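# fold the following, please.
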Amino acid sequence: MAAVRIDGYDGTSRSDAVEDGLLGLAGLVILLALAGFGLQELAVELRNAQDHPSTE
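Below you'll find the model as predicted:
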């Protein structure tokens, strides 16, 4: 863990901050893609359930 100086600057370079931001953005894009895929699969299942109603 980096020591925090009195002025609040922890010594993190700008390039490290940009890299962390890009990694966070990439993670968010992946999560949104997975959520979209899950919603698409749910829509297909619901459509199939409407097309073939259960007789129970």
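# which residues in the protein form helices?
Assigned by DSSP state H, the helices in the chain fall at 14-51.
# so where's it uncertain?
For the chain, the stretches with pLDDT under 70 are 1-12, 54-56.
# how much space between residue 29 and residue 50?
Applying C-beta to C-beta, to the nearest Å, the value for residue 29 to residue 50 is 32 Å. Yep, even glycine has a C-beta here, placed from its N, CA and C like the rest.
# typo on my end, it should be residue 23
The value you get for residue 23 to residue 50, if C-beta to C-beta is used, is 41 Å.
# kindly report the same for residue 24.
39 Å.
# and what of residue 25?
In terms of C-beta to C-beta, residue 25 sits 37 Å off from residue 50.
# same question, residue 34
The gap separating residue 34 from residue 50 is 25 Å, by C-beta to C-beta.
# then residue 14?
Where residue 50 is concerned, residue 14 sits at a distance of 54 Å (C-beta to C-beta).
# residue contacts, residue 49?
By C-beta atoms under 8 Å, 6 or more residues apart in numbering, no residues touch residue 49.
# any idea how far it is from residue 35?
Residue 49 is 21 Å from residue 35, by C-beta to C-beta.
# and residue 28, by the same measure?
Counting by C-beta to C-beta, the gap from residue 28 to residue 35 is 10 Å.
# ditto for residue 25
For residue 25, the distance to residue 35 - C-beta to C-beta - is 16 Å.
# same question, residue 47
For residue 47, the distance to residue 35 equals 19 Å [C-beta to C-beta].
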